[in-house]
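Student: predicted model follows, preceded by the sequence.
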Amino acid sequence: MALLTPQDLEGLTKQLECNNNTIKKATGMDIADICKQIYGTTLDGEKVGIVPITSGNGIITNFSSSLLTITEYFGLDGAITEHPDVTGYYEAVSSDADIILMADDHIFIAHNMRNGKIATNHVCTGVVYAEIASRYKYADSKDILVIGLGRVGYAGAQHLVKRNFDVYAYDPDRETMEKARKELGIIPYDPEEEHKFSMVLEATPNPNTISEGMVAERCLISTPGIPCGLPEDIGERNEIDLVMEPLTIGVASMLYAVM
Ligand SMILES: NC(=O)C1=CN([C@@H]2O[C@H](COP(=O)(O)OP(=O)(O)OC[C@H]3O[C@@H](n4cnc5c(N)ncnc54)[C@H](O)[C@@H]3O)[C@@H](O)[C@H]2O)C=CC1
Ligand SMILES: NCCC[C@@H](N)C(=O)NCCCC[C@H](N)C(=O)O
């Protein structure tokens, strides 16, 4: 799995504000509104314990501080523990944290100590970016294209099927495509069909995954994928609203998911 780098997280607040404005323009709602709609929950100044984890590739220098920025942006009372790992977890629980945030190289969780709810970043990211794409004010139909059916994209496609969208999808992994077709009923995207979409969810770790033939003149591309899958020239030739940032929207989704 592709790991975040400190460079990905630089200028996080600016990226967040820019994306929140794009989301408001494209859907009429901001990130918090969309999360409230998805989960039917609200945030109320909860105490959040952020625990750095040293396993695997180790601590990402600005990951915990980025989580602190995000919790504060959404009006929560965040704190990074003085110690990492088990000692840090003990510190967070002992200081009465309502929600614990921690991530190793494979799973990033939010765990609500009050109601026991637990949520993963990859599922919550897929769901919230799918929801953003699906609320495009200028959509020309209920057709939506999902590019990449991994941990994030599959969760997003599943959410869109549940919301009764006509979900087309493409992933080069044949087994993944077959699983999604059988289990979700997605429609395999066929580039030969010249079907252009006004709503696209892209969740791959590769650049240039979005081709000219996929996007309508006016299109919302909602992509947590790092790096960005939209080639610059296509972005210039079409009227595209691009929602893309490395961490905040997915974390917001996690926080609302465990309330
Ligand atoms: N912005 C955010 O908040 C978050 C971003 N991410 C990023 O989202 C991306 C996806 O993450 P995961 O789902 O965990 O990865 P994953 O490795 O589980 O899934 C990626 C999928 O993309 C497919 N793929 C690769 N090239 C493709 C192409 N050209 N067209 C269509 N599909 C293609 C692969 O076959 C695979 O199924 C990664 O870049 C990850 O870093 C993950 C979580 C949160
Ligand atoms: N947008 C979220 C993406 C999460 C995932 N792609 C990742 O980089 N996970 C690694 C996080 C490692 C954190 C580290 N253990 C620390 O605590 O600093």
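Tutor: Looks like it came in fine. Just so it is clear, the model here is predicted, and its values are computed rather than measured. Ligands and ions are numbered 1, 2, ... in the order given.
Student: show the contacting residues for residue 18.
Tutor: Under the criterion of CB atoms under 8 Å, 6 or more residues apart in numbering, the neighbours of residue 18 are residue 245. The C-beta positions use only the backbone N, C-alpha and C, and glycine is treated the same way.
Student: could you point out which element follows the helix or strand it falls within?
Tutor: With elements taken from DSSP states H and E, the one containing residue 18 is helix 12-27. Following the chain from helix 12-27 toward its C-terminal end, the next helix or strand by DSSP H and E is helix 31-39.
Student: could I get the buried residue list for that following helix?
Tutor: Under the neighbour-count criterion of 16 or more other CB atoms under 10 Å, helix 31-39 has 31-32, 34-36, 38-39 buried.
Student: quick one: mean pLDDT over it.
Tutor: Averaging pLDDT along helix 31-39 yields 98.
Student: so which residues make contact with it?
Tutor: 19-20, 23, 27, 29, 41-43, 74, 127-128, 131-132, 135, 248-249, 252-253, 255-257, 259.
Student: hmm, which of those are the buried ones?
Tutor: When burial is judged by neighbour count using 16+ other CB under 10 Å, the buried members of the contacts of helix 31-39 are 19-20, 23, 27, 29, 43, 74, 127-128, 131-132, 135, 248-249, 252-253, 255-257, 259.
Student: name the nearest residue to residue 112, sequence neighbours excluded.
Tutor: Spatially, and ignoring its direct neighbours in sequence, residue 112 is nearest to residue 258 (4.0 Å; CB to CB, 6 or more residues apart in numbering).
Student: so where do the helices sit in this structure?
Tutor: Using DSSP state H, the helices assigned to the chain run over residues 12-27, 31-39, 63-73, 85-94, 121-134, 151-162, 174-184, 232-237, 248-257.
Student: need these in TSV with distance to ligand 1, can you?
Tutor: Converted to TSV, these look like this (distance: least, CB to the nearest ligand atom, whole Å):
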stretch	distance to ligand 1
helix 12-27	10
helix 31-39	12
helix 63-73	11
helix 85-94	22
helix 121-134	4
helix 151-162	3
helix 174-184	5
helix 232-237	14
helix 248-257	3
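Student: nearest to residue 193, out of the ones you listed?
Tutor: Across the helices of the chain, residue 193 has its closest neighbour in helix 174-184 (15.7 Å, CB to CB).
Student: angle of that closest one against helix 151-162?
Tutor: Compare the direction of helix 174-184 with that of helix 151-162 by axes from the mean of the first three to the mean of the last three CA atoms, to 10 degrees and you get 30 degrees.
Student: and helix 174-184, which residues are buried?
Tutor: Buried residues in helix 174-184, counted by 16+ other CB under 10 Å: 176-177, 180, 184.
Student: mind giving me the packing neighbours of that helix?
Tutor: Packed against helix 174-184 by the contact rule (3 or more CB pairs under 8 Å, 6 or more residues apart in numbering; DSSP states H and E) you find helix 151-162, strand 166-170, strand 187-188.
Student: what distance do you get for the most centrally placed residue in the chain to ligand 2?
Tutor: Among the residues of the chain, the one closest to the centroid is residue 125, at 2.5 Å (CA atoms, centre = their mean). Distance, residue 125 to ligand 2, by CB to the nearest ligand atom, to the nearest Å: 6 Å.
Student: disregarding residues adjacent in the polypeptide, which is nearest to that residue?
Tutor: Excluding its sequence neighbours, the residue lying closest to residue 125 (CB to CB, 6+ apart) is residue 250, at 3.4 Å.
Student: residues from the stretch 51-200 of the chain in reach of ligand 2?
Tutor: Applying CB under 6 Å from any ligand atom, we find that the stretch 51-200 of the chain lies next to ligand 2 at 52-53, 59-60, 63-64, 103-105, 108, 121.
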